[in-house]
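A.B. asks: Could you work out the structure for the sequence below:
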Amino acid sequence: MLLVIDVGNSNTVLGVYLEDELVRDWRIATDKDRTVDEYAILVHNLFELAQMRFEQLSAVIISCVVPPMLNSLEALCRKYFKLVPLVVGPGVKTGMPIQYDNPKEVGADRIVNAVAAFARWRCGMIVVDFGTATTFDVISAAGEYQGGAIAPGVGISAEALFARASKLPRVEFVRPPQVVAKNTVSSMQSGIFYGYVGLVEGIVTRIREEVGQPLKVVATGGLAASIAEASDMIDSVEPFLTLEGLRILYQLNS
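C.D. replies: Next up is the predicted model:
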């Protein structure tokens with residue numbers, strides 16, 4: 001079995017593949033202060049609930065955008081899984097040309113998403129990932145990573161609004177019943193929710209105009225489904241896109 005680990009700024013997602021099938025997945029909080037042994041206990045408990053054992057793992061691949069976490073996870077793999085993990089980064093084959101001024105600057109998660117999306121659809125596309133940051137990644141019809149855009153994530157923006165405006169409360173990110181709200185909480189929800197719908201539609205429109213192609217739009221990340229319900233610009237929601245990309249990269253490099 002293959003264990004895939006995607007470490008984001010807010011959440012870490014783990015998945016177990018049996019050949020090409022994702023058989024288990026878990027989402028935990030990213031905590032760079034946890035020790036190797038604490039992570040071992042956490043992952044062991046998740047495995048135990050799924051009636052799985054560390055000894056069943058044959059390989060591990062990691063994508064990480066939180067550098068302090070990487071040493072801990074590599075140590076976890078060596079100490080408890082008895083495996084040397086493949087870490088997505090320079091030197092790892094992706095099968096995708098990176099047309100960035102400095103390819104090393106592109107986040108591992110963005111490359112993994114791009115590889116997974118192109119492997120599935122084989123066309124020009126935009127991958128929108130709703131994470132701590134909202135990223136837009138453009139892949140050409142020839143399978144080239146062309147670049148993209150990075151915006152603050154929904155959580156960052158909502159928290160900043162609460163922190164900097166003294167009379168505004170912290171609110172849940174939900175779609176309000178109407179845009180023109182009649183109370184403060186709904187007004188904030190309207191601004192945050194429809195503001196992000198507008199952000200997605202605006203950037204996608206400008207990318208398509210700049211590229212000159214009707215690019216397919218694929219969304220992933222925790223809030224992808226919510227945004228997709230309010231926008232007809234998102235063609236497909238793929239919650240496990242990053243995990244699938246990690247599986248593909250492992251196969252390319254094994």
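A.B. asks: which residues in the stretch 151-254 of the chain form helices?
C.D. replies: For the stretch 151-254 of the chain, the helices defined by DSSP state H, counting those that start in this stretch cover 154-164, 184-211, 224-229, 241-253.
A.B. asks: Buried deepest among those helices, which one?
C.D. replies: helix 241-253 (a mean of 22; mean count of other CB atoms under 10 Å). For the C-beta atoms, the positions are set from N, CA and C on the backbone; glycine is no exception.
A.B. asks: Quick one: list the elements packing against it.
C.D. replies: When contacts are defined as 3 or more CB pairs under 8 Å, 6 or more residues apart in numbering; DSSP states H and E, helix 241-253 packs onto strand 2-7, strand 11-18, strand 21-29, strand 59-64, strand 86-87, helix 108-121, strand 125-130, strand 216-221.
A.B. asks: for these, which one sits closest to L168?
C.D. replies: strand 125-130 (22.4 Å; CB to CB).
A.B. asks: Now that closest one - C-alpha only, PDB.
C.D. replies: C-alpha atoms of strand 125-130 as PDB (Å, rounded to 0.1, in the frame of the first residue of the first chain):
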ATOM      1  CA  MET A 125      -7.200  24.000 -17.900                       C
ATOM      2  CA  ILE A 126      -7.100  26.200 -14.800                       C
ATOM      3  CA  VAL A 127      -6.800  24.400 -11.400                       C
ATOM      4  CA  VAL A 128      -8.200  26.500  -8.500                       C
ATOM      5  CA  ASP A 129      -7.200  25.300  -5.100                       C
ATOM      6  CA  PHE A 130      -9.100  26.700  -2.100                       C
END
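A.B. asks: Contacts for stretch 175-184, please.
C.D. replies: L168, P169, S186, S187, Q189, S190, F193, Y194, S226, E229, A230 (CB atoms under 8 Å, 6 or more residues apart in numbering).
A.B. asks: OK, contacts around the first one?
C.D. replies: The neighbours of L168, taking CB under 8 Å, 6+ apart as the test, are L161, F162, T184, M188.
A.B. asks: circling back to that earlier point, could you dump the contacts of stretch 175-184 into a markdown table with distance to E209 and pLDDT added?
C.D. replies: Shown next, in a markdown table, are the contacts of stretch 175-184 (distance: CB to CB, whole Å; pLDDT from 0 to 100):
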| residue | distance to E209 | pLDDT |
| --- | --- | --- |
| L168 | 35 | 86 |
| P169 | 38 | 87 |
| S186 | 33 | 93 |
| S187 | 32 | 93 |
| Q189 | 30 | 92 |
| S190 | 27 | 94 |
| F193 | 25 | 93 |
| Y194 | 22 | 94 |
| S226 | 26 | 91 |
| E229 | 25 | 93 |
| A230 | 22 | 93 |
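A.B. asks: between the contacts of L168, which is nearest E144?
C.D. replies: Of the contacts of L168, the one sitting nearest to E144 (CB to CB) turns out to be L161, at 37.5 Å.
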